[in-house]
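Novice: sequence unknown, structure follows:
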Ligand code: ADE
């Protein structure tokens, strides 16, 4: 039986999802709120983690281990690295990495620690479902690499380094940590992001301006996925 987790990092990222439901059961756990809803016959638990890898890991693990979710969708915004990505555009992660994980002093590649992998792949069936939705809705959807780190990148040099080191198309602050948790617990996952900025000098202003509209785009796309998910 499918029990679906949908998470974001910020309130703005899940608010447009919650707006689709009237009957919501709220549970408080570990300094956070979890919103249980039903869509058609699917049980869904929605939460926002707060920003960054640690909070995102806690929320993903809670959704899976405490609430019993067996599939996870992440909805939110990201900074663009790939110049073809413009504000509002959607990207679905094929694989994710942690750009700020660095034990290169011991001869390891960036993003690697022993026992882990630089990249974690998202679920192919969910990616294909997202592509089907995009095709049907006539929406452009890029599939690409997302790099995650505990920093808001507003610096062209740092952004270009992340782009060239990991061949990444977009960056954000939670995806790869959610991927680590889901991978370890054998839960298929999808990371969807809509672009809010270009991770450059103007990123802070752009983020403030487009957070809501881009988060809404991502959430609307998630609702379309819900209509088709099995
Ligand atoms: N999420 C959206 N934009 C971002 C940026 N520039 N850096 C990190 N996370 C982001």
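Specialist: Perfect, thanks for sending it. These numbers come from a predicted model, not from an experiment. Numbering: from 1, shown residues only.

Novice: now do the same contact list for the residue in the chain that the ligand sits nearest to.
Specialist: Each residue of the chain has a distance to the ligand, by CB to the nearest ligand atom, and the smallest belongs to residue 79, at 3.0 Å. Heads up, the C-betas are built off the backbone N, CA and C, glycines and all. Remark: with contacts taken as CB atoms under 8 Å, 6 or more residues apart in numbering, residue 79 is in contact with 153, 159, 170-172, 195-199, 203, 207.

Novice: likewise for residue 228?
Specialist: Applying CB under 8 Å, 6+ apart, the residues near residue 228 are 129, 132-133.

Novice: can you report phi and psi for it?
Specialist: phi -120, psi -10 (degrees, to the nearest 10).

Novice: still on that earlier bit, mind checking which of the contacts of residue 228 are buried?
Specialist: 129, 133 (16 or more other CB atoms under 10 Å).

Novice: with pLDDT and secondary structure added, can I get the contacts of residue 228 in a markdown table?
Specialist: Output for the contacts of residue 228, formatted as a markdown table (pLDDT from 0 to 100; DSSP: H, G, I helix; E, B strand; the rest coil):
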| residue | pLDDT | secondary structure |
| --- | --- | --- |
| 129 | 98 | helix |
| 132 | 98 | helix |
| 133 | 98 | helix |
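
Novice: of the contacts of residue 228, which ones also sit close to the ligand?
Specialist: Restricting the contacts of residue 228 to those within reach of the ligand (CB under 6 Å from any ligand atom) leaves nothing.

Novice: surely residue 65 touches residue 185?
Specialist: Yes - in this structure residue 65 lies within contact range of residue 185 using CB atoms under 8 Å: 7.3 Å.

Novice: the two: which is more packed in?
Specialist: Neighbours were counted for residue 65 and for residue 185 using other CB atoms under 10 Å; residue 185 has more, 16 against 12.

Novice: list the contacts for that one?
Specialist: Contact analysis of residue 185 by CB under 8 Å, 6+ apart lists 61, 64-65.

Novice: residue 69 belongs to a strand?
Specialist: No - secondary structure assignment places residue 69 outside any strand; it is coil (DSSP: H, G, I helix; E, B strand; the rest coil).

Novice: not counting sequence-adjacent ones, nearest residue to it?
Specialist: Computed as CB to CB, 6 or more residues apart in numbering, the closest residue to residue 69 that is not its neighbour in sequence is residue 5, at 3.6 Å.

Novice: report the secondary structure state of that neighbour.
Specialist: strand.

Novice: that one against residue 64, yeah?
Specialist: Yes - under the criterion of CB under 8 Å, residue 5 makes contact with residue 64 at 6.9 Å.

Novice: up against the ligand, what does the protein have?
Specialist: Residues of the chain lying close to the ligand by CB under 6 Å from any ligand atom are 77-79, 152-154, 171-173, 196-197, 199, 203, 207.

Novice: those helices in this protein, which residues are they?
Specialist: Under the criterion DSSP state H, the chain carries helices at the ranges 11-18, 53-65, 124-137, 156-166, 175-184, 203-226.

Novice: return the most buried member of the ones you listed.
Specialist: Counting by mean count of other CB atoms under 10 Å, helix 175-184 has the highest mean neighbour count of the helices of the chain, with a mean of 25.

Novice: so which elements touch that one?
Specialist: helix 53-65, strand 71-80, strand 90-98, strand 120-121, strand 141-148, strand 189-197 (3 or more CB pairs under 8 Å, 6 or more residues apart in numbering; DSSP states H and E).

Novice: got a pLDDT number for residue 230?
Specialist: The confidence metric pLDDT takes the value 85 at residue 230.
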